[in-house]
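*Asks:* The following block contains a protein sequence and its predicted model.
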Amino acid sequence: MRQLGFVLVGVTSSAPPENFDIFAEWLQQGRHGAMGYLSSERNVPRRADPKQILPECESILVLALPYSPVNSEIKNQEFQIAAFALGADYHDVIPPRLKEIVEFIEERVGHPVPNRYYTDTGPVLEKELAQRAGLGWIGKNSLLINPQKGSTFILSEILLGVQLEPDAPFATDHCGTCARCLDACPTQCILPNRTIDAQRCISYLTIENKGDIPEDLRPQIQNWAFGCDVCQQVCPWNRFSLPADFALQPTLSLPILTRELLLAPTEFNQRFKGSPVKRAKRRGYLRNLAVAAGNNQNEKDLPILEQAALDDEPLIQTHAQWALEKIKKDKK
């Protein structure tokens, strides 16, 4: 499995998650925002019990693939983009490797093995599974952290209808009294129980959110054009982050420029072909970029924002207009 690039590998049982009640309460409080698939009648029971996904499930293999570490080069640019989005979309990279692992296991046992595999797409509480499989602890920023490898990796899970020896859970918490992530979060979206209020999280607002960014939160988006890494940038454990897997190494042309607000649909598709940025679609990305430009307060951006405010897409229009008004007001 390490030959396939996975830097952390562990096994846990098919037992239901012990902390499902925390997830259920999180849903009840509406912390998931507009991500309705998380609260669907089909998916909630499946998250409560892996056997609801795969009745034959006996073991769960949990793996981690590293992406580009957060660094000052990204942090100091005019517009920031989350480190995971600098390379190819992991949804395209990881599943074929998981399939290879399943095929290897089937070859070793000599018969087909019931299985399901996911990377950030399945109805599982993957961070709890990863902690149970010994990969790390769930930090105050809600991310899984490994003491030798930080938190800049993507988790994946393979549910298997075969018995594997489980690893010991990661039993210790190494956050201690550190509160850097809580103090640094621009929108204060990190909750005391190590969950996130997605409705305030910059990553949610710039990726999963398909509508307007609430006006009161727009200034706090700062200069993030896609995603957010603030809680990882300040986490001391990420000094141990590993280089990105070869398939996830940065390929996106940087820097991000304000003139991308004028990208036509075909130009946007070409610019971000194979990139996670396409998840936001053109209207979402340009919405984000307009807000970030408004927060940067560069008067040189006014002509481009004026053109963006005439875009055929209302979402882009309204956020570009907001940015124009913010720059003009702040420069008075």
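*Replies:* Arrived safely.
*Asks:* switch to C-alpha atoms for all contacts and neighbour counts from now on
*Replies:* Fine.
*Asks:* Please give the number of neighbouring residues around the closest residue to Phe84 other than its chain neighbours.
*Replies:* The spatially closest residue to Phe84, leaving aside those adjacent along the chain, is Tyr67, at 5.7 Å (C-alpha to C-alpha, 6 or more residues apart in numbering). By the criterion of other C-alpha atoms under 10 Å, Tyr67 has 27 neighbours.
*Asks:* mind checking how far Tyr67 is from Gly136?
*Replies:* Using C-alpha to C-alpha, to the nearest Å, we find Tyr67 at a distance of 17 Å from Gly136.
*Asks:* Just the helices from the stretch 1-150 of the chain, written as ranges.
*Replies:* For the stretch 1-150 of the chain, applying DSSP state H, counting those that start in this stretch gives helices covering 20-28, 43-48, 72-75, 90-109, 126-132.
*Asks:* Low-confidence regions, the stretch 201-332 of the chain specifically.
*Replies:* 331-332 (pLDDT under 70).
*Asks:* In it, mark out all the strands, start to finish.
*Replies:* Under the criterion DSSP state E, counting those that start in this stretch, strands of the stretch 201-332 of the chain are mapped to 224-226.
*Asks:* about what we covered before: tell me the most buried of the helices of the stretch 1-150 of the chain?
*Replies:* helix 126-132 (a mean of 24; mean count of other C-alpha atoms under 10 Å).
*Asks:* which helices and strands sit right next to it?
*Replies:* For helix 126-132, the packing partners by 3 or more C-alpha pairs under 8 Å, 6 or more residues apart in numbering; DSSP states H and E come out as strand 8-13, strand 59-66, strand 137-138, strand 144-145, strand 153-160.
*Asks:* can you put the ones you listed in TSV and add distance to Asn115?
*Replies:* Shown next, in TSV, are the helices and strands packed on helix 126-132 (distance: least, C-alpha to C-alpha, whole Å):
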stretch	distance to Asn115
strand 8-13	14
strand 59-66	9
strand 137-138	26
strand 144-145	24
strand 153-160	5
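*Asks:* contacting residues around stretch 315-332?
*Replies:* Applying C-alpha atoms under 8 Å, 6 or more residues apart in numbering, the contact partners of stretch 315-332 are 211-212, 283-284, 286-287, 290-291, 293-295, 297-299, 302, 305-306, 308-311.
*Asks:* please redo it, this time with the cut-off set to 7 Å
*Replies:* Residues from elsewhere that reach stretch 315-332, judged by C-alpha atoms under 7 Å, 6 or more residues apart in numbering: 212, 283, 286-287, 290-291, 293-294, 297, 299, 302, 305, 308-311.
*Asks:* So which of those is the closest to Leu164?
*Replies:* Distance ranking of those against Leu164, using C-alpha to C-alpha, places Arg283 first at 45.9 Å.
*Asks:* Return the distance of the closest one relative to Asn223.
*Replies:* For Arg283, the distance to Asn223 - C-alpha to C-alpha - is 17 Å.
*Asks:* Let's test this: what are the backbone torsions at Arg180?
*Replies:* With angles defined as degrees, to the nearest 10, Arg180 sits at phi -60, psi -40.
*Asks:* In this structure it contacts Gln233, no?
*Replies:* No - Arg180 lies out of contact with Gln233 (C-alpha atoms under 7 Å); the separation is 9.6 Å.
*Asks:* Make a ChimeraX selection of the buried ones in the contacts of stretch 315-332.
*Replies:* Burial among these is assessed by 16 or more other C-alpha atoms under 10 Å; the matching ChimeraX selection reads:
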select :212,283,286,287,290,291,293,294,297,302,305,308,309,311
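*Asks:* Out of the contacts of stretch 315-332, which sit inside helices?
*Replies:* Members of those lying in helices (criterion: DSSP state H): 283, 286-287, 290-291, 293-294, 302, 305, 308.
*Asks:* out of the residues you listed, who's nearest Pro147?
*Replies:* Among the ones in helices among the contacts of stretch 315-332, and counting by C-alpha to C-alpha, the member closest to Pro147 is Val291, at 35.6 Å.
*Asks:* Next up, the contacts around that closest one.
*Replies:* 218, 319-320, 323.
*Asks:* Also Val11?
*Replies:* Counted by C-alpha under 7 Å, 6+ apart, Val11 has contacts 59-62, 133, 165-167.
*Asks:* and those residues, which are buried?
*Replies:* 59-62, 133, 166-167.
*Asks:* CSV for those residues, including distance to Ala264 and pLDDT?
*Replies:* Shown next, in CSV, are the buried ones among the contacts of Val11 (distance: C-alpha to C-alpha, whole Å; pLDDT from 0 to 100):
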residue, distance to Ala264, pLDDT
Ser59, 48, 98
Ile60, 44, 98
Leu61, 43, 98
Val62, 40, 98
Ala133, 46, 98
Pro166, 51, 97
Asp167, 50, 98
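*Asks:* now, among these, which is nearest to Asp229?
*Replies:* When these are compared against Asp229 (criterion: C-alpha to C-alpha), the nearest one is Val62, at 23.3 Å.
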